[in-house]
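> Sequence and computational prediction follow.
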Protein chains: 2
Amino acid sequence: MSNVVNAPERVAPDTLARVQAQIELLGYQPSRAAQTLKQERAGAWGIELNSAGFGRLGAILDTFLIELTTGAAGHGSHVVPFTAPDPLDPLPAYERFVASRVADGFVLTDTRTSDPRPAWLDAHHVPYAAFGRVWDDPGVTSWVDVDGAAGIDAAVRHLAEQGYERIGYLGWPEGSPVGDDRRSGWARATADLGIAHPEWQATTPQVIDAASSAAAGLIDAVGTGGALVCASDALALGAWRVLVERGLEPGVDVGLVGFDDTDIAQALDLSSLHQPLDQVAERVLHVLGTRADSRDPSVGGLLLDPELVIRSSSKPAGDRTKRKEK
Amino acid sequence: MSNVVNAPERVAPDTLARVQAQIELLGYQPSRAAQTLKQERAGAWGIELNSAGFGRLGAILDTFLIELTTGAAGHGSHVVPFTAPDPLDPLPAYERFVASRVADGFVLTDTRTSDPRPAWLDAHHVPYAAFGRVWDDPGVTSWVDVDGAAGIDAAVRHLAEQGYERIGYLGWPEGSPVGDDRRSGWARATADLGIAHPEWQATTPQVIDAASSAAAGLIDAVGTGGALVCASDALALGAWRVLVERGLEPGVDVGLVGFDDTDIAQALDLSSLHQPLDQVAERVLHVLGTRADSRDPSVGGLLLDPELVIRSSSKPAGDRTKRKEK
DNA sequence: TTGTATGCGTTATCAC
DNA sequence: GTGATAACGCATACAA
């Protein structure tokens, strides 16, 4: 019987068929617990969910988790979420998880500078793969990330092609790797296109009133026929509000592009950058698989491009024929 | 050694201390797999994540999952998400999960009429607890839900107290138990207050253009000094958009209340109904615990009240002194 | 009070 | 090509 399951080619065809029929008939499913015990692998990956829920994944965490869960099932494994009682010192939670062999390794999210987790996991020979670059150590290659700079770059070029002449950037305060990366895309693209105006930028936390005031100044600066690229859909929402309150129409008077393609972008018909979370999840699982089987470090970090979803907020500039009647 | 862990009172104090010191020293953690095998309980609960992501939990699923994960850890167990390859026929996924003993039972979400899962799980003696009423069978008591009708009722009364005179309802098309429940709260409260106007209601799917047109008609109907209660923050966003486009200020010209207290509500400073997901998770785990230990059906269904979070979109009606300068 | 043996379900090894 | 057996780590029952 064990041979049938585990080495079907070493068994006589008729016995194989007979045993398989019984397996089917009885609805036999191997016990994961026994398999785990025997093979010394849990077939599960842990993922820390931050109760704060902030950070860049706030808006897309659920989708990512679903993709991860679906992908893991395809590899015969599971994803087991856990929370760290103290988010500032998450390592004990990781340690318990690995010591009790609930998970063979981890999916890291919300990687940050001075993140203690990669070094600790490496030191303890625990496989991991990160959604988000491992910023501290360029030697670490077990990560997948979305190229925010490339995405913003593409958005800027798109807006320029649509005829918007002054393109500003509404972003987060300096210091967050993700935010700085996205801003660099704006700086790069505007420089390449010869339309760089470093003063057309504003920073604001993810709070609507602050975002609105910051956007207001920026809209003054770029004016009608200008456009704003935003670090997130939430910031774009702030800009959208200012535009509408002033009687300006997004995508007609002022171009607007957000980031993450959330409900908000869909609701307001905002162009936005969509992260390929299915590919991220697939790659994360691939990295985990190879890391767990061998210590093969040949799988390098991977940067995926977000997809610019074009909606009405980045219609050709000045195309006022399409202005909607109110 | 095993006695020390499992029956500390039956062991000599000095041996106990000595062994515990070693446990601490070696960082010993029992293997979940071995425990599972021995005790025939996985100490884990499965939760199906719908890849569609629609349904009422769309906006709050991640928070609920975090609460559930945190709560489970407190009980020494885990939560294991899984996806059904065919969402229309999820039972095989449940069956595999239980057959391989990955989970001892399930947390059901997105319960619906003609939901095949409760009956199947009961028939197979698999414990479960639902977030959402089990609509088909009033005899089933293993559920926890948030009283949407009571929440909307409270929102209507709040708006009436604030001086809004014509209170309309923007909801989903009839047929979904959750949506119908929420609508009934509006009907009830307006009737109680003697301000019922059944025609001040509109239904729309969670698609923004439809929501906006529906909201537009409704805003026409209730006019300035009126208010709208919405079945979700997404619908409230649609209404908010119409208001802003018309130069009306939410909470000054027209009152607005959403449901779920999502990012959107926080970003737009919308009053909204907050679901007590921590309590829901706690109760779900409690029900699961008692169901798994015994077949004790004494734990009945529980309806929790959502909390009305009051923000600027339901300020006293007509209080135009606070209208912000633009 | 302490130590030891058994079996949970699986898989891999090894006689047959 | 087939069937029996040991071991994974733990909890429990029982012997010392």
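Now that the structure is in, tell me what you want to look at.
> what about A:Q201, how many neighbours?
Each residue near A:Q201 was counted by other CB atoms under 10 Å in any protein chain shown, and the total is 19. For the C-beta atoms, the positions are set from N, CA and C on the backbone; glycine is no exception.
> That one touches A:W172, doesn't it?
No: distance between A:Q201 and A:W172: 11.3 Å, which falls outside the contact criterion (CB atoms under 8 Å).
> wait, doesn't A:A221 sit right on A:G168?
Yes: in terms of CB under 8 Å, A:A221 counts as a neighbour of A:G168; the distance is 6.2 Å.
> Which one's more surrounded, these two?
A:G168 (27 against 16).
> can I assume that one sits in a strand?
Yes: the assignment for A:G168 by DSSP: H, G, I helix; E, B strand; the rest coil puts it in a strand.
> what's the overlap in contacts for A:A221 and A:G168?
Applying CB atoms under 8 Å, 6 or more residues apart in numbering or on different chains, one finds that A:A221 and A:G168 are jointly contacted by A:W200.
> any bit of the helix or strand encompassing A:T290 sitting next to chain B?
In this assignment (DSSP states H and E), A:T290 forms part of helix A:277-293. No: judged by CB under 8 Å from any CB of the partner chain, helix A:277-293 stays clear of chain B, getting no closer than 10.0 Å.
> next structured bit after that helix?
Taking DSSP H and E, what comes next after helix A:277-293 is strand A:302-304.
> Below-threshold pLDDT in the stretch 151-300 of chain A: ranges please.
Applying pLDDT under 70 to the stretch 151-300 of chain A picks out residues A:292-299.
> Regarding whichever residue of the stretch 51-200 of chain A sits closest to DNA strand C, what is its secondary structure?
Residue nearest to DNA strand C within the stretch 51-200 of chain A: A:G76 (10.3 Å; CB to the nearest atom of the strand). Under the three-state scheme (three-state DSSP), A:G76 adopts coil.
> circling back to that earlier point, run through who's touching the helix holding A:T290.
A:41, A:45, A:60, A:63-64, A:67-68, A:70-72, A:75, A:77, A:104-105, A:107, A:127-131, A:142-146, A:296, A:298-299, A:302, A:304.
> ok, now with 6 Å
A:45, A:63-64, A:67-68, A:71, A:75, A:104-105, A:107, A:127, A:129, A:131, A:142, A:144, A:296, A:299, A:302, A:304 (CB atoms under 6 Å, 6 or more residues apart in numbering or on different chains).
> and the residues you listed, which are buried?
A:45, A:63-64, A:67-68, A:71, A:104-105, A:107, A:127, A:129, A:131, A:142, A:144, A:299, A:302, A:304 (16 or more other CB atoms under 10 Å in any protein chain shown).
> and A:D89, how many neighbours?
Neighbours of A:D89 under the rule other CB under 10 Å: 10.
> same thing with A:Q22?
12.
> Quick check: nearest residue in space to it, chain neighbours excluded?
A:Y28 (7.7 Å; CB to CB, 6 or more residues apart in numbering or on different chains).
> Could you check the pLDDT of the one you found?
Looking at A:Y28, its pLDDT stands at 91.
> again with A:D104
Looking at A:D104, its pLDDT reads 97.
> I'd guessed it sits against A:E40; true?
No: taking contacts as CB atoms under 6 Å, A:D104 lies outside contact range of A:E40: 9.2 Å.
> Get me the contact residues on the stretch 201-326 of chain A for chain B.
A:208, A:234, A:237, A:244-245, A:263, A:267 (CB under 6 Å from any CB of the partner chain).
> Sort out which one of these lies nearest B:A214 for me.
A:A267 (13.3 Å; CB to CB).
> same for the strand or helix carrying the closest one, what does it pack against?
According to DSSP H and E, A:A267 maps onto helix A:263-268. Packing partners of helix A:263-268 (3 or more CB pairs under 6 Å, 6 or more residues apart in numbering or on different chains; DSSP states H and E): helix A:233-245.
> Show me which residues of the helix it packs on are buried.
Applying 16+ other CB under 10 Å to helix A:233-245 flags A:233-245 as buried.
> Who are the packing partners of that helix?
helix A:208-222, strand A:255-259, helix A:263-268.
> what's the most buried one of the ones you listed?
Mean neighbour count, computed with mean count of other CB atoms under 10 Å in any protein chain shown, is highest for strand A:255-259 among the helices and strands packed on helix A:233-245, reaching a mean of 30.
> Would you give the sheet partners of it, along with the direction of each?
Sheet pairing of strand A:255-259 (DSSP bridges) gives strand A:226-230 (parallel), strand A:271-274 (parallel).
> what does the first one contact?
Spelled out, that is strand A:226-230. A:152, A:155-156, A:159, A:164, A:166-170, A:186, A:236, A:239, A:254-258.
> now stretch A:195-209
Counting by CB under 6 Å, 6+ apart, residues outside stretch A:195-209 touching it are A:168-171, A:173, A:190, A:210-211, A:214, A:217-218, A:221-222, A:234, A:238, B:267.
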